[in-house]
Structures are given as structure tokens and as C-alpha cells.
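**Q** Below: sequence and its predicted model.
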Amino acid sequence: TITVIKEVIVDHGGNEKPDDFGLSVDSSTVLSGNTGMFAVGNHTINENQLTGYELQGIVCDGNNGSSDTLPYVVNVEEGEDIVCTITNDDLDPYITLYKQVNNNFGGNAGENDFGLATDGNSVLSGDKVEVDANTDIALNEAGLTGYKFVSITGDAKCPSQLGVPIKLDEGDDITCTIVNEDIP
């Protein structure tokens, strides 16, 4: 028999479950923890690699060993029961927040004078910040007298307004730019 067990390390907000990874032995789909009977010989264990998750490895008991890559071939002898555990870890999503200041009317503010914040935490322009996946995250600024907000631009997941919550998926890496200009 062969039993494939899927372990998903969810320490960055990931929401995938073991059976979301499309586990298979040869061309047969299997569910995590279920045991199937297979003929004596070599069998290929695999899964669908999901975006935002990193394969940590596969470990099979007995003489079948381990690897940090898939697909993985195991050899089944008569009467042998093989248990293989595949482990994946969710990846941090990241936000890089930039400030663009248009000083067209004599203003002299710099990019770090506006109190930029990612989810309430102060950041400097250009800082790459690790956040949790699948949770509300707000991009904001304290603002500065004599300047007005113009826009937020960047990747598709960037909000269009300050303070509007966004959610990132595991492994996302987005860049957003907040634009302000001085008031004449």
C-alpha cells in the first residue's frame, strides 16, 4: 500500500488545505491520509504546485528516502506499506510602498515627510514590508499641510484610495505608489 500525507505549514495567512494540492500516485488522484493498494514496483508520487506555496520536501518511510523535488518515485515490495509525507509552506506576501511628491508650486516636502503606513505600521518610501495573506491591509498616510492626495498607482491589487483595505494572496509581491502634490 501507499499512503500520501500532505502537511501544509500555514504561518503567513495561507488558506489552502491538504487536498487542494491535487495529490497523485501515478495518474490516480489520492486524498491526503488515504491508503491505496498498488502493484509491486515503482510508482510516481506528485502534486500540483500551488502559487504562493513552497515545497519543503517529501519524506517516505523505509528505504524510499526523501527529496526536495517532485515528482518522486518510490519502490513498493510485496506486503510493504509505504507512507510518504509531502510538506509545503505558505509564502509571505509583500508590499513595497513608494511616495511620489510633485513640488510644482514651491513646496519642499520629501518622500518620507507624509507618515506613510502599511496596515497602521510606519514605513519609509521604498520599504518592502511582509504582511499576512488573506487579511485586510490598508495603505495610508498621515498627510502633510499644504499638500493634497492625487492618486495611488501600481500593481492591479493596489487600492485606488487611501485606507481602502486590500487582501493579498500567498506569495504576492506588489508595488504601490502614493502621489501627492503641493497646493499653490
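**A** Received it, and whenever you're ready, just let me know what you need. These numbers were taken from a predicted model, which means no experiment stands behind them.
**Q** Can you give me the neighbour number for His43?
**A** Residues within reach of His43, counting by other C-beta atoms under 10 Å, total 20. Backbone N, C-alpha and C define where each C-beta goes, glycine included.
**Q** give the contact list for it.
**A** By C-beta atoms under 8 Å, 6 or more residues apart in numbering, the contact set of His43 is 2, 25-26, 73-76.
**Q** what's the answer for Gly36, then?
**A** Each residue near Gly36 by C-beta under 8 Å, 6+ apart is listed here: 1-3, 25, 28, 30.
**Q** pull the helix or strand with minimum mean pLDDT from the protein.
**A** Taking mean pLDDT, DSSP states H and E as the measure, the chain has strand 66-67 as its least confident helix or strand, at a mean of 93.
**Q** Packing partners of that strand?
**A** With contacts defined as 3 or more C-beta pairs under 8 Å, 6 or more residues apart in numbering; DSSP states H and E, strand 66-67 has these neighbours: strand 53-60.
**Q** what do you get if the cut-off is 10 Å, keeping everything else the same?
**A** strand 53-60, strand 82-90 (3 or more C-beta pairs under 10 Å, 6 or more residues apart in numbering; DSSP states H and E).
**Q** Mind giving me the packing neighbours of the first one?
**A** Strand 53-60 sits against strand 2-9, strand 41-46, strand 66-67, strand 72-76, strand 82-90, with contacts defined as 3+ C-beta pairs under 10 Å, 6+ apart.
**Q** what lines up beside the longest one in the sheet?
**A** Each strand that strand 82-90 pairs with, and the sense of that pairing, follows from DSSP bridges: strand 2-9 (parallel), strand 53-60 (antiparallel).
**Q** Run through the residues that contact the residue lying closest to Asp132 once chain neighbours are set aside.
**A** Nearest residue to Asp132 in three dimensions, chain neighbours excluded: Gly13, at 3.5 Å (C-beta to C-beta, 6 or more residues apart in numbering). Gly13 is in contact with 52, 90, 92-93, 131-135, 167-170, counting by C-beta atoms under 10 Å, 6 or more residues apart in numbering.
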